[in-house]
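Q: show me the folded form of this:
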Amino acid sequence: MYSQKKRFIAGAVCPRCNAMDKIVVFSEDGKDYRACVSCDFREQMFLQSAPRELETRVNRTEAEKQAEVQPVKLIDPGK
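A: So this is what the prediction gives:
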């Protein structure tokens, strides 16, 4: 899932030394790992499934966008 290049995870805290922003994730021999650059912590990550993509206005189909369009009725307060 991850590349061989080590990438920092913003806001992650090391479970061993409690240092923030020191965790990197990477792939090695087809396995995913997380490691701390401050201490010797290293752990293989086991992900059951790929994370679900959050629904946004960008990744919805045109039919889904049109289905939620609702007309607006303007009311004149003078009448």
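Q: CA atoms for contacts and neighbours, from now on please.
A: Will do.
Q: so who does N59 touch?
A: For N59, no residue meets the contact criterion (CA atoms under 8 Å, 6 or more residues apart in numbering).
Q: mind listing the strands for the chain?
A: For the chain, applying DSSP state E gives strands covering 7-8, 23-28, 31-36, 42-45.
Q: run through this protein and note the low-pLDDT ranges.
A: Residue ranges of the chain with pLDDT under 70: 1, 48-50.
Q: hmm, what's the outermost residue in it?
A: Centroid-distance maximum for the chain: K79 at 51.5 Å, with CA atoms, centre = their mean.
Q: and that residue, how far from V72?
A: 18 Å (CA to CA, to the nearest Å).
Q: then F46?
A: On the measure of CA to CA, F46 and V72 end up 49 Å apart.
Q: now do C39
A: 59 Å.
Q: who's more crowded, these two?
A: C39 (14 against 6; other CA atoms under 10 Å).
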